[in-house]
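Chemist: what follows is a predicted protein model with its sequence.
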Amino acid sequence: MTDKKGLMTQYPCARGRAFVCKNIGDYVQSVASRQYIDYIDEYIEQEEADKYFPADKKPIRLIMNGWFQWRAENWPPSEYIKPLLISMHISPLKANQLLTPEGIEFLKKNSPVGCRDLYTKDLLDKHGIPAYFSACVTLTLGIKYRVEDSKRNGICFVDPYFEIPALYEDINGQKVLNENLFNEFIQFYADNSDVINLLAEKPFFKHYSPNGFLDRDENVYRPYYKAFCFYKMYSRKFSKELLLNAEYITHWLDVNMAKDTNDDLLNYAESLVKKYAASKLVVTSRIHAGLPCLGVGTPIIFIADEQITSENGTFNVPGRLGGLLDFFRIMNFDNGNFSSDDEVLKTFETIDDNTVFQNKDSWKPYAKELEKKCEEFMK
């Protein structure tokens, strides 16, 4: 009996709500898996894979990659799913709920488990589950989406981390203006109003939040304050012309639960992959912008600070980046200044439209092995 072929998706799980804030990076991972499927019999939502009971009782092959999993009570998946467990991250937030006797049995039965990060590999090792560091399937997006270097154009900033200090402090239950910060804003704005005004008009500076989800603050001045925070930081390393001409993108978006389908979200994720593939440079703090850029050959600068790399950072989930950061050329932001230990980035005093460099090659063996395993599994 021929197995069916499925594509795992991560459709928002907040049932009963009209809109849900979604990280489209989850669907970028599905776009990567879709490269290996010649036809899709069914979409299977990761969070509800335990509920897959087909009427024809035919098993379905499914590449299972990504972050596992908010609904830990729905783990492990149905017996009708034949999984390729690869590029998996098991969050420490859910590890105890996933690694039940039943969960461990499922992982052992379908081992070895390809782990997206070193934390997950160490976790599975401790439970006696055969595992290895696979890195992320998005590293293979160059199979379908690579663009010739001569056709690249434009620069994208994709959720680049920057601090947005609170203008008001809570003192004894009252909101008190931070006068030093406010005066700094006024002075910097007076000297750079032309740039800040243009940046503030971009939707990104209305919606971006360093702590995840979309910024819901409707204060009309907030985009100007965020543009100030961004430009004050990034103008120390990037040219004015580059920052003004760049496109700014956030991976967070509102999903209409009554209207938006899996195909809609996949198409949007694919459009971002194509945009990154056709860019001259991407600057980001998102691994699901950075890793695809490696795969498609687009030069990428990964912006990091303690909030990004720390296990306690609000921008990150503990353990999620172990092993992956080694693939990037990283620029660190520390104590108000950019710095880099990278042998290439530290040679640039200012990054502008004419800056040219190549990515590291350390990710390539992992991409080749991922491609091989996914192709063989879906044949």
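Modeler: That came in fine, so what should we check first? Everything quoted here is computed from the prediction, not taken from an experiment.
Chemist: contact partners for Met88?
Modeler: Met64, Asn65, Gly66, Phe68, Val113, Gly114, Cys115, Arg116, Thr120 (Cβ atoms under 8 Å, 6 or more residues apart in numbering). Any C-beta I mention is one placed from the backbone N, CA and C, and that applies to glycine too.
Chemist: looking at those, which is nearest Tyr145?
Modeler: Nearest to Tyr145 among the contacts of Met88: Asn65, at 17.1 Å, using Cβ to Cβ.
Chemist: quick check: that closest one touching Leu7?
Modeler: No: using Cβ atoms under 8 Å, Asn65 makes no contact with Leu7, being 11.0 Å away.
Chemist: next, show the common contact partners of these two.
Modeler: Joint contacts of Asn65 and Leu7 (Cβ under 8 Å, 6+ apart) are Ser33.
Chemist: you'd agree Leu84 is in a strand?
Modeler: Yes: using DSSP: H, G, I helix; E, B strand; the rest coil, the assignment for Leu84 is a strand.
Chemist: any idea how far it lies from Leu370?
Modeler: Counting by Cβ to Cβ, to the nearest Å, the gap from Leu84 to Leu370 is 10 Å.
Chemist: give me the more crowded residue out of the two.
Modeler: The neighbour count for Leu84 versus Leu370, taken as other Cβ atoms under 10 Å, is higher for Leu370 (25 against 22).
Chemist: so which helix or strand takes in that one?
Modeler: With elements taken from DSSP states H and E, the one containing Leu370 is helix 364-378.
Chemist: just to revisit the earlier point, among the contacts of Met88, which one has the most neighbours?
Modeler: In terms of neighbours by other Cβ under 10 Å, those top out with Arg116 at 30 neighbours.
Chemist: surely that one touches Ala135?
Modeler: Yes: using Cβ under 8 Å, Arg116 is in contact with Ala135, at 6.6 Å.
Chemist: residues shared between the contacts of these two?
Modeler: Ser87, Leu324.
Chemist: contact partners for Phe333?
Modeler: Tyr161, Phe162, Met233, Ile303, Ala304, Asp305.
Chemist: buried subset of these?
Modeler: Tyr161, Phe162, Met233, Ile303, Ala304, Asp305 (16 or more other Cβ atoms under 10 Å).
Chemist: which residues touch the helix holding Leu370?
Modeler: Contacts for helix 364-378 (Cβ under 8 Å, 6+ apart): 5, 33, 35-38, 61, 63, 84, 86-87, 114, 133-137, 139-140, 142-143, 294-295.
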